[in-house]
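Visitor: next comes the sequence, and after it the predicted model I'd like to discuss.
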Amino acid sequence: MLTERQKRILWAVIDDYIVSAEPVGSRTVSKKEGVGFSAATVRNEMADLEEMGYLEQPHTSAGRIPSQKGYRFYVDHLLTPQKWTPKDIMAIHQMFSQKIDHVEQAIQHTSNILSQLTNYMTICLGPRVFIDKLKHLQVVPLSDRSAVSIAVTDRGHVQQQRITIPENVSFSTIERLVNLLNDRLKGVPLSKLKTFVARELTSELKRHIDHYENTLELLDQILHIQSEERIYTSGTTKMLEQPEFQDVEKMKMLLDFLEEDDRIIQLLEPSTNGIQVRIGDEIHIEEVNHCSIITASYMIDGEPVGTIGVLGPTRMNYRKVISLIDILSQIFSKQLNSMYEGK
């Protein structure tokens with residue numbers, strides 16, 4: 001457990017290093033407002049912090065820099081919320097004041113704003129399940145008890161899945177069910193399919209479909225359509241402005257990683273756990289283990305449907321980024337819900 005003096009010194013080292021990107025010496029820390037200890041005292045405490053793994057010394061004659069463990073302690077225990085003035089909040093809201101009619105445009109706009117305000121790279125996971133609409137359904141029998149359900153969206157995405165046919169449901173019944181669904185569900189967003197059926201089609205299905213109760217399980221399988229995710233990025237070139245990415249090999253690894261959508265989607269999976277801060281090795285991706293990523297999910301009807309993320313060096317301005325991503329994810333959720341209700 002760190003003493004209060006060690007906490008104050010660790011905070012001072014990290015706070016200075018975030019700004020300077022240069023190893024921090026004991027004299028610099030001792031002169032920092034709010035520290036109040038002599039250079040000799042600071043030097044001894046910094047040596048102890050290094051021994052405990054919170055600081056590192058890149059060169060024998062240099063000062064110290066934070067370790068991953070140091071950054072984690074800083075984020076978990078030493079950060080104080082950024083205070084925004086009403087003028088700051090108004091300025092952020094004004095960035096969202098332009099009229100936007102399309103979800104894709106809204107996500108890219110949010111990504112651009114966040115990159116502009118943080119000076120880091122932003123990666124957003126778009127709610128394609130919300131954007132995509134159903135175009136056509138088809139069910140192809142494989143045997144008496146199995147079939148393949150095929151769903152085509154208005155954007156040309158095709159999804160096939162194996163489904164089980166319940167007992168007492170004939171294929172002629174399935175054909176009538178699919179025809180009715182195609183007639184009534186064309187143009188409905190994928191996220192609304194089940195809700196639309198429950199609210200609008202239940203009585204109609206009962207009238208036209210034999211053994212309706214037996215088809216409920218089948219209907220649930222047919223409408224279980226997952227949509228292809230879409231990734232939005234902004235500020236990739238801003239990474240080149242960071243001293244850590246003057247290393248060509250590091251930048252190449254990052255750019256290679258950004259070409260792999262599946263891994264990015266895994267990194268940005270929506271969560272109900274609020275703001276997530278992953279530092280270095282905590283990301284579990286070798287190409288970005290020298291980075292930190294801060295993410296927050298945005299919501300539709302209280303459900304997380306996509307993610308806003310900021311990627312930067314471990315020497316990230318955590319206080320500023322966490323506060324900004326919190327504000328922007330809330331603003332964007334409200335904007336998206338407003339657009340969603342209008343569809």
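Guide: Sure, I can see it. Numbers count the residues shown, from 1 in each chain.

Visitor: tell me who's in contact with Gly235.
Guide: With contacts defined as Cβ atoms under 8 Å, 6 or more residues apart in numbering, Gly235 is in contact with 112, 115-116, 119-122. Any C-beta I mention is one placed from the backbone N, CA and C, and that applies to glycine too.

Visitor: where does pLDDT dip in the stretch 1-150 of the chain?
Guide: Applying pLDDT under 70 to the stretch 1-150 of the chain picks out residues 128-131.

Visitor: oh, I was asking about the stretch 201-343 of the chain
Guide: Low-confidence segments of the stretch 201-343 of the chain, defined by pLDDT under 70, span residues 226-229, 340-343.

Visitor: try it again at 90.
Guide: Within the stretch 201-343 of the chain, the stretches with pLDDT under 90 are 201-218, 220, 223-231, 237, 239-241, 244-256, 258-274, 297-306, 329-343.

Visitor: what segments of it are helices?
Guide: Secondary structure of the stretch 201-343 of the chain, counting by DSSP state H, counting those that start in this stretch: helices at 202-208, 212-222, 248-257, 261-267, 318-341.

Visitor: thinking again about what came up before, can you tell me which of the contacts of Gly235 are in strands?
Guide: For these, membership in strands holds for 121-122, with DSSP state E as the criterion.

Visitor: mind putting the contacts of Gly235 into TSV with neighbour count?
Guide: TSV is the format used below for those (neighbours: other Cβ atoms under 10 Å):
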residue	neighbour count
Asn112	17
Ser115	21
Gln116	13
Asn119	16
Tyr120	26
Met121	25
Thr122	27
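
Visitor: could I get the contacts of Gly235 as CSV with distance to Leu10?
Guide: Putting the contacts of Gly235 into CSV (distance: Cβ to Cβ, whole Å) gives the following:
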residue, distance to Leu10
Asn112, 35
Ser115, 29
Gln116, 31
Asn119, 24
Tyr120, 23
Met121, 27
Thr122, 28
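
Visitor: which one of the contacts of Gly235 is nearest Glu286?
Guide: Set against Glu286, the nearest of the contacts of Gly235 by Cβ to Cβ is Met121 (17.9 Å).

Visitor: my guess is the closest one contacts Thr236, does it?
Guide: Yes - contact between Met121 and Thr236 holds when scored by Cβ atoms under 8 Å: they sit 5.5 Å apart.

Visitor: which neighbours do those two share?
Guide: With Cβ under 8 Å, 6+ apart as the test, Met121 and Thr236 reach no residue in common.

Visitor: make a markdown table out of the helices of the stretch 201-343 of the chain and add distance to Leu177 and mean neighbour count.
Guide: Rendered in a markdown table, the data for those read as follows (distance: least, Cβ to Cβ, whole Å; neighbours: other Cβ atoms under 10 Å):
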| stretch | distance to Leu177 | mean neighbour count |
| --- | --- | --- |
| helix 202-208 | 7 | 12 |
| helix 212-222 | 6 | 16 |
| helix 248-257 | 44 | 14 |
| helix 261-267 | 32 | 15 |
| helix 318-341 | 28 | 18 |
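
Visitor: in stretch 134-151, what counts as buried?
Guide: Within stretch 134-151, the residues that qualify as buried are 134-135, 137, 139, 147, 149, 151, counting by 16 or more other Cβ atoms under 10 Å.

Visitor: can you check stretch 39-49 too?
Guide: Those would be 41-43, 45-46, 49, for stretch 39-49 by 16+ other Cβ under 10 Å.

Visitor: residues making contact with that stretch?
Guide: Contact with stretch 39-49 is made by 2, 5-6, 9-10, 13, 26-27, 29-30, 35, 37, 55, 64, 70, as judged by Cβ under 8 Å, 6+ apart.

Visitor: sec struct for Cys124, please.
Guide: Following DSSP: H, G, I helix; E, B strand; the rest coil, we place Cys124 in the strand state.
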